[in-house]
Structures are given as structure tokens and as C-alpha cells.
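Enquirer: only the shape, not the letters, is given here:
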């Protein structure tokens with residue numbers, strides 16, 4: 001999911017995971033699977049654990065950020081949104097929390113959703129002096145423009161993406177043109193992904209806009225550059241993210257909070273151990289990137305991805321539940 005650009009549209013239908021008889025007080029639950037890959041995976045993991053570990057009858061329904069969380073506030077349904085991008089609709093979320101309509105669970109992405117300028121890890125390892133955007137701009141020769149190798153290149157996303165606007169503004173703010181870099185329009189999401197894949201296959205230099213969590217960063221290991229500037233929220237709103245601002249200043253790229261959102265009626269009636277799970281369960285971008293890369297390579301559904309994650313990351317998810325629940329989940333696998 002890209003909060004300032006178009007979300008990954010993977011509206012895959014999910015079949016229910018076979019569950020145990022519903023435990024008293026747990027019962028039927030609806031879980032929102034948003035229409036991008038990491039949220040699809042999160043919903044499937046929650047469904048498998050809640051059904052097989054806690055004896056719930058959890059059903060997955062399709063959703064998207066605004067309508068799902070709005071429905072939770074207004075109607076109390078669905079009961080759980082595992083991957084809520086709460087910074088996208090702060091007014092709705094804050095009102096829902098203040099009015100006691102929803103409660104906040106764990107920040108499922110423990111290191112937050114991130115956007116920025118990235119370079120390949122092999123290049124970062126070979127050039128440990130390059131940590132920040134300013135460091136990188138001293139070395140256009142390491143990041144040659146495919147159309148003009150006398151210049152460096154900063155690869156941007158397609159027109160219409162918010163991240164494309166921000167990258168163009170940062171290109172101006174940090175003086176990248178004067179440093180010998182061109183700003184390259186990759187034309188599309190596929191063009192941007194293809195430029196990274198080609199660089200990796202050839203072990204060439206590359207720098208440009210990208211975000212996490214994504215399957216591509218699970219396949220191609222990249223390092224995010226530091227901005228060398230503290231986040232100025234007012235500058236971000238008025239200039240960094242505004243294409244009409246003529247004189248942007250160096251600025252950091254804010255992380256987005258990605259949090260589990262729970263309808264208050266369900267939170268009040270659910271067993272304590274279920275709420276403990278929803279308040280604890282979290283993973284890093286690196287973990288979810290890797291699972292999504294496996295899903296993409298294997299054309300796998302969220303249910304497939306959930307089983308793969310649970311089999312390959314037992315030490316991680318066992319900390320989310322009691323030993324008794326963990327044994328039930330392992331038996332179901």
C-alpha cells in the first residue's frame with residue numbers, strides 16, 4: 001500500500017479457512033482484507049490464527065481504507081481491520097476513537113510504512129560513505145542515466161502519484177540538477193519496477209523513489225537513503241508535497257502509521273486472550289516484504305501466504321499467543 005500514491009490493486013477472493021467450533025464469547029467475526037497484497041496477507045494470517053487457535057468463526061470480507069474504517073465507526077462492522085492506514089483518514093479515526101466507536105490495536109507494521117529514495121544494497125555495501133541524499137549527489141558517476149551516462153539519474157514514479165510529486169520537489173530542494181543528475185520519468189509502475197530489476201540483474205547503480213512494504217523490495221534488497229533533515233510538517237504540507245511550490249527545502253519523508261483497528265462493540269465482548277493477540281501481533285517491513293515476494297513468485301493467495309508465513313516464522317508468531325494457542329495453530333498447519 002502506498003499512502004500518497006495509487007494502492008496495489010490485488011482484489012483476490014479469499015476462501016475461508018476451516019476453523020474449530022466457536023469458543024464461547026468469540027463467535028462470528030468479520031475481518032477486512034484491503035485491496036493490496038500486504039493487507040490481504042494480514043487478514044489471512046489473522047483468520048487462520050483466530051479460527052484455529054482461538055476457535056472463532058472468522059470470515060474475510062473485501063474492503064478499502066476509507067469505506068472500511070468509516071463503516072466500523074458508523075456500524076461496528078467489520079469487526080477487525082488488520083492493516084489500517086490510519087494517517088490517510090485522521091479525522092475519521094480520531095473521531096471514532098474519541099466517540100468510543102473503535103479502538104486501536106497493535107501497529108502491525110512495527111517500523112511503519114516508508115517511502116523515499118533507495119539504492120541497491122550491493123552498491124550501499126560497496127560505498128559505505130553514501131548514507132544520505134547529499135552523500136549520493138556527490139557521486140553521479142555511480143548512478144548513470146541510461147540515456148546519458150555523463151549524468152546521474154534519479155528515477156521517479158509515473159505522473160499522478162503523490163510520491164512522484166514529492167520526489168520532484170526533493171530533486172529541486174537538494175540541488176540534484178546542479179549536482180549532475182537528471183530526473184527520469186519511468187512512465188508507469190511497471191517501468192519503475194523494471195528499472196530496478198534491470199539494475200539488479202546487471203549489478204549497476206540505481207537511485208530513485210520506492211516504498212515499503214512491497215513484494216519487489218522482498219526480491220531486490222534496497223537501502224533507503226537518509227534525508228539529513230528533520231521532518232518539518234508544515235513544509236511538507238505546503239511545499240514538499242505541493243508541485244506548485246517553487247522553492248522547496250530539504251525535508252524528511254514522514255512514515256505512515258499502519259495500525260490494527262477494532263470495532264468497539266467487538267473489543268468489549270471478545271475474550272481477553274483474543275484482544276491480547278490483536279494488541280500484540282506485529283511484523284516488520286522486511287518480514288512482510290519477504291512473504292509478499294514469495295506470494296508474487298508463486299502466484300499465491302493470501303491464504304497461501306498466511307500458511308507460508310506461519311510455517312517459516314514460527315519463532316515470531318508464537319510470541320503473539322499462548323503456548324496452548326500456538327499448539328493448536330501448528331496442528332492446523
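Expert: Arrived safely. Note that the structure is predicted; figures quoted are calculated from it, not measured. Residues are numbered from 1 along each chain as shown.
Enquirer: and the next helix or strand past the longest helix seen in the chain?
Expert: Looking across the chain with DSSP state H, the single longest helix is helix 37-54. Next along the chain after helix 37-54, taking DSSP states H and E as the criterion, comes strand 57-63.
Enquirer: who does that following strand touch, helix- and strand-wise?
Expert: Contacts defined by 3 or more C-beta pairs under 8 Å, 6 or more residues apart in numbering; DSSP states H and E place strand 57-63 against strand 28-34, helix 37-54. Using the backbone N, CA and C atoms, a C-beta is placed for each residue, glycine as well.
Enquirer: what's the closest of the ones you listed to residue 323?
Expert: Closest to residue 323 of the helices and strands packed on strand 57-63, according to C-beta to C-beta: helix 37-54, at 11.0 Å.
Enquirer: switch the helices and strands packed on strand 57-63 over to a markdown table; also include mean pLDDT and mean neighbour count.
Expert: Listed next are the helices and strands packed on strand 57-63 as a markdown table, based on pLDDT from 0 to 100; neighbours: other C-beta atoms under 10 Å:
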| stretch | mean pLDDT | mean neighbour count |
| --- | --- | --- |
| strand 28-34 | 95 | 22 |
| helix 37-54 | 97 | 26 |
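Enquirer: tabulate these (a markdown table), appending distance to residue 120.
Expert: Converted to a markdown table, the helices and strands packed on strand 57-63 look like this (distance: least, C-beta to C-beta, whole Å):
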| stretch | distance to residue 120 |
| --- | --- |
| strand 28-34 | 29 |
| helix 37-54 | 22 |
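Enquirer: of all these, which one is nearest residue 63?
Expert: strand 28-34 (3.8 Å).
Enquirer: got the angle for that closest one vs helix 37-54?
Expert: On the basis of axes from the mean of the first three to the mean of the last three C-alpha atoms, to 10 degrees, strand 28-34 is oriented at 160 degrees to helix 37-54.
Enquirer: list the contacts of strand 28-34.
Expert: Residues outside strand 28-34 that contact it (C-beta atoms under 8 Å, 6 or more residues apart in numbering): 1, 7, 14, 22, 39-40, 43-44, 46-47, 50, 56-65, 68, 77-83, 266, 302.
Enquirer: got it, and stretch 191-211?
Expert: 2, 5, 113-120, 122-123, 136, 142-144, 146, 152-158, 163-164, 166-167, 184, 186, 216-217, 220, 222, 225.
Enquirer: try stretch 247-257
Expert: 3, 85-88, 107, 111-116, 133, 166, 169-170, 172-174, 227-233, 235-236, 239-240.
Enquirer: go through it and flag the buried ones.
Expert: By neighbour count with 16 or more other C-beta atoms under 10 Å, stretch 247-257 contains the buried residues 248, 250, 251, 252, 253, 254, 255, 256, 257.
Enquirer: before we move on, what about stretch 169-181?
Expert: So, applying 16+ other C-beta under 10 Å, buried residues of stretch 169-181: 169, 170, 171, 172, 173, 174, 176, 179, 180, 181.
Enquirer: looking at it now, give me its mean pLDDT.
Expert: The pLDDT scores in stretch 169-181 average 98.
Enquirer: run through the protein and note the low-pLDDT ranges.
Expert: 1-25 (pLDDT under 70).
Enquirer: in it, which spans are strands?
Expert: Here the chain has its strands, by DSSP state E, at 28-34, 57-63, 80-85, 102-104, 114-120, 144-145, 148-156, 181-185, 208-212, 222-224, 258-263.
Enquirer: give me whichever of the ones you listed is most buried.
Expert: strand 80-85 (a mean of 28; mean count of other C-beta atoms under 10 Å).
Enquirer: and the contacts of it?
Expert: 1, 3, 29-32, 34, 38-39, 42-43, 45-46, 63, 65, 68-69, 72, 93, 105, 108-109, 113, 256-263, 266, 278.
Enquirer: can you give me how far that strand is from the chain middle?
Expert: 12 Å (C-alpha atoms, centre = their mean, to the nearest Å).
Enquirer: quick one: it to strand 28-34, angle?
Expert: Going by the same axes, to 10 degrees, strand 80-85 makes 20 degrees with strand 28-34.
Enquirer: picking up where we left off before, between the buried residues of stretch 169-181, which is closest to residue 316?
Expert: residue 170 (34.4 Å).
Enquirer: for that closest one, give its distance to residue 213.
Expert: 22 Å (C-beta to C-beta, to the nearest Å).
Enquirer: and residue 113, how many neighbours?
Expert: When counting by other C-beta atoms under 10 Å, one arrives at 22 neighbours for residue 113.
Enquirer: list the contacts of it.
Expert: Per C-beta under 8 Å, 6+ apart, neighbours of residue 113: 1, 3, 85, 211, 212, 213, 255, 256, 257, 258, 285.
Enquirer: relative to residue 118, how far out is the third one?
Expert: To tie it back to what came earlier, the one meant is residue 85. For residue 85 relative to residue 118 (C-beta to C-beta), the value is 20 Å.
Enquirer: sorry, back to before: dump the buried residues of stretch 247-257 into TSV; add distance to residue 333 as well.
Expert: Below are the buried residues of stretch 247-257 laid out as TSV (distance: C-beta to C-beta, whole Å):
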residue	distance to residue 333
248	50
250	49
251	46
252	41
253	38
254	38
255	33
256	32
257	31
